[in-house]
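*Asks:* Curious how this folds, go ahead:
(2 chains)
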2 protein chains.
Amino acid sequence: MKITAGGVCAAKGFTASGIHCGIRKNKTKKDLALIYSEVQASAAAVYTTNLVKGAPLTVTKKHLQNGKAQAVICNSGNANTCNANGIEIAEKMSALVSDKLGIPANDVIVASTGVIGQPLDIEPIAGGMDALVSGLGNNSDDTAEGIMTTDTVKKEIALTFEIGGKTCTIGGIAKGSGMIHPNMATMLVFITTDAAISSEMLAKALSSDIKNTFNMVSVDGDTSTNDMVAVMANGMAGNEEITCEGEDFDIFMQALNTVTVHLCRMIAGDGEGATKLLECTVKGAETEAIAKTVAKSVICSSLVKAAMFGSDANWGRVLCAIGYSGAPVDVNKVDVSFVSAAGEILVCKDGAGVEFSEEKAKEILLEKEIGIAVSLNAGEADAVAWGCDLTYDYVRINGDYRT
Amino acid sequence: MKITAGGVCAAKGFTASGIHCGIRKNKTKKDLALIYSEVQASAAAVYTTNLVKGAPLTVTKKHLQNGKAQAVICNSGNANTCNANGIEIAEKMSALVSDKLGIPANDVIVASTGVIGQPLDIEPIAGGMDALVSGLGNNSDDTAEGIMTTDTVKKEIALTFEIGGKTCTIGGIAKGSGMIHPNMATMLVFITTDAAISSEMLAKALSSDIKNTFNMVSVDGDTSTNDMVAVMANGMAGNEEITCEGEDFDIFMQALNTVTVHLCRMIAGDGEGATKLLECTVKGAETEAIAKTVAKSVICSSLVKAAMFGSDANWGRVLCAIGYSGAPVDVNKVDVSFVSAAGEILVCKDGAGVEFSEEKAKEILLEKEIGIAVSLNAGEADAVAWGCDLTYDYVRINGDYRT
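*Replies:* From the prediction side, this is the model:
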């Protein structure tokens, strides 16, 4: 498995583009993105569990009933959610892509991200379609930019792997960075691969993967209305189509997981206002469910997050978050360490504080990527969750989002 | 029912004091408090559901097994939690009170609040006992100050009411203001009354009351390890003892509820860094459980909290929080209004935005107490939850709590 360039355009047969069409007032910010596969692809997607669902999700769900897709259109700046005409607008977006690319409308995945509850005007999108389509090329960067909201960095990755002697490629882009607390599905992530895999196995791979990846990320505890992870596999790598579990499926799962973990870390590290990526690793749990609950409780704690912002080794807050997680844990057996590029330090053993160097702890916590290592000493299961610190900028960004 | 002065000393037979004994370095901050009843009182308490429990809670639970108490000792500056010798220290605190006041040690309620995981030294407490006991008097103010941590205002209230022709008094003090997301029990609240009521009925009144009061408050979603609400009823008002449900019990419940709602609002409004009290009222729910879940989800949303800080009528975030609450809600029937002393404005009808004056909305949201009124239009049940905005100061306070 080898990291490569090209993001969502790295796999054979995929091109993409991103433009400013006028949904956003700021002309320097791209607001419309398109991903296209030369041939029809197997496709699967997972969606938010929020009962308030963006209109584009309803349309995409309908279009993916046959497990096939050939393009993704996504705008930023407006979520097209809680609008009376939302479905109609999302269908118009599909129709525009269908017309320009000469593909069936129900082979189009539609997504939107931005403010909730403001009608989305189809005009700028319709006006931008020519530029969007003529821009199709090796432009994963522009595409990743087109789906950004408060994100500060583009999130993309691609890698190559081999199945049955054929080199396959998989790449993805993602957007965070607020209202991030996915459950079953998550923010916007688009993944493309030229591996040949049936729709059924692709759906199986995706739903299995997200349980340990996107569902283990939280920036602010707010599950968005527009979360979606979509993957298209167009088969152009020429491997024998994966139609059941086995070695090939395992390799594909591993490649998919490498892409999703990378994007998870990027999303968490670029959480709104974040200065630090937090990675909570829980080991020695009786069950995986317990490990996950504990890991997620720690990275969701506002007090842990604020302490990490201040590089304060306030491990009592970690223990507190473990204690209220709802998971059955013997708190008298819990060990906690902080880990980073600057080293590792044990701060709590058997549920009680140990003497440690505050100076060393500070040094460790001043790094940009912080590990919170929890041992429950009760079994063999483990889990990882990703989050970020809570900062002044989170408040600034969200105290004044709409203006 | 009439508001009166005196807080926790308003009821007959209760005195209290608060001093600086040296647990905190800052000599201007009181850190030790005592409440004393002339006669043994019926007593009841509820505790945090966090699996990590402060040592004082274990000791208090043991002492209240017989439903009786005569004094409360509480320190701030150190939670006496996750310390190997925690129980021993909490028992020493009881013993000191027992010695000085000549009452049984198991009639003492012990509580601590402050940093988790730092050993609590008994010396300053032992050294302060003489001053603490000789200070006993009509000093609810000092006592309320003695239990404060990051609180910016003292939280106390007292009121009089009548049972069977006898005037009874009930008063309480509370501390917030971070790690506030009680479940079954909460922060530190001490309530005193001279009403005569059996231990059993007192426990019943308290557990029933907190479901709609302290359990509906959240500052930051973190359930503390040291939450405790304790109430002592010494019977000195001379009413016939309440030993069963009925009119007298209802009157007592109403008085207790007036005290607890007042303290809830004070705790939420003085949440760490808060500039605004948020009160989410949910009406028209199918069941009370649904109403509560929705109300709590809204006041816990970081995005709603940050929007309120910015006086931004971003109602989409309210709808989003309703959608991910887990409660079965028909989101297409939901109406949302913002309410304050400056007026009321409907911003969402049937799950979609309505046109409204942004100017008027801003005016309403610039007030200090903001109501978020949600109508589910699905039934008759309702609920209220209290929270606060998310501000720069929350981050400042918690990024650097220990230093």
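
*Asks:* So which elements touch the longest helix along chain A?
*Replies:* Ranked by residue count, the top helix of chain A under DSSP state H comes out as helix A:247-269. Judged by 3 or more C-beta pairs under 8 Å, 6 or more residues apart in numbering or on different chains; DSSP states H and E, helix A:247-269 is in contact with strand A:155-163, strand A:166-175, strand A:188-193, helix A:199-210, strand A:277-285, strand A:381-388. Quick note: C-beta positions are derived from backbone N, CA and C, even for glycine.

*Asks:* do that again at 7 Å, thanks
*Replies:* strand A:155-163, strand A:166-175, helix A:199-210, strand A:277-285, strand A:381-388 (3 or more C-beta pairs under 7 Å, 6 or more residues apart in numbering or on different chains; DSSP states H and E).

*Asks:* for those, which one sits closest to chain B?
*Replies:* strand A:381-388 (12.2 Å; C-beta to the nearest C-beta).

*Asks:* pLDDT on the closest one, on average?
*Replies:* Averaging pLDDT along strand A:381-388 yields 92.

*Asks:* Please list the residues outside that strand that contact it.
*Replies:* A:216-219, A:264-265, A:268-269, A:271, A:274, A:276-283, A:285-288, A:290-292, A:295-296, A:299-300, A:305 (C-beta atoms under 7 Å, 6 or more residues apart in numbering or on different chains).

*Asks:* and the residue nearest to A:Asn106 when sequence neighbours are not counted, what pLDDT?
*Replies:* In this structure, A:Asn106 finds its nearest non-sequential neighbour in A:His63, 4.4 Å apart by C-beta to C-beta, 6 or more residues apart in numbering or on different chains. Note on A:His63: pLDDT of 96.

*Asks:* which residues touch A:Ile163?
*Replies:* With C-beta under 7 Å, 6+ apart, A:Ile163 has these contacts: A:195, A:239, A:248, A:251-252.

*Asks:* give me that answer again for 6 Å
*Replies:* A:239, A:248, A:251 (C-beta atoms under 6 Å, 6 or more residues apart in numbering or on different chains).

*Asks:* Can you report how many residues lie near the last one?
*Replies:* Burial measure for A:Ile251: 19 neighbouring residues, criterion other C-beta atoms under 10 Å in any protein chain shown.

*Asks:* circling back to that earlier point, please identify which of the contacts of A:Ile163 is nearest to B:Tyr394.
*Replies:* Nearest to B:Tyr394 out of those is A:Ile251 (C-beta to C-beta; 46.4 Å).

*Asks:* Next one: A:Gly323 relative to chain B, how far apart?
*Replies:* 3 Å (C-beta to the nearest C-beta, to the nearest Å).

*Asks:* for the nearest residue to that residue once chain neighbours are set aside, helix, strand, or coil?
*Replies:* Closest residue in space to A:Gly323, ignoring its immediate chain neighbours: B:Val52 at 3.2 Å, by C-beta to C-beta, 6+ apart. Of the three states, B:Val52 takes coil according to DSSP: H, G, I helix; E, B strand; the rest coil.

*Asks:* How about the contacts made by B:Val52?
*Replies:* So B:Val52 contacts A:319-320, A:323, A:331, B:225 (C-beta under 6 Å, 6+ apart).

*Asks:* any idea how far A:Val395 is from the residue of the stretch 101-250 of chain A found nearest chain B?
*Replies:* Closest to chain B within the stretch 101-250 of chain A is A:Ile116: 2.7 Å, counting by C-beta to the nearest C-beta. Distance, A:Ile116 to A:Val395, by C-beta to C-beta, to the nearest Å: 20 Å.

*Asks:* in chain A, which spans are helices?
*Replies:* Using DSSP H, helices in chain A cover A:55-63, A:86-101, A:123-134, A:140-146, A:199-210, A:247-269, A:288-300, A:302-309, A:315-323, A:358-365, A:392-399.

*Asks:* Lowest mean pLDDT across the ones you listed, which one is that?
*Replies:* Minimum mean pLDDT among these: helix A:392-399, a mean of 84.

*Asks:* Render the CA-only coordinates of that one in CSV, please.
*Replies:* The C-alpha trace of helix A:392-399 is given here as CSV (Å, rounded to 0.1, in the frame of the first residue of the first chain):
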residue,chain,number,x,y,z
TYR,A,392,-11.4,30.7,21.7
ASP,A,393,-11.7,30.4,17.9
TYR,A,394,-14.4,27.7,18.2
VAL,A,395,-16.5,30.2,20.0
ARG,A,396,-15.6,33.1,17.6
ILE,A,397,-16.4,31.0,14.6
ASN,A,398,-19.7,29.8,16.0
GLY,A,399,-20.8,32.9,17.8
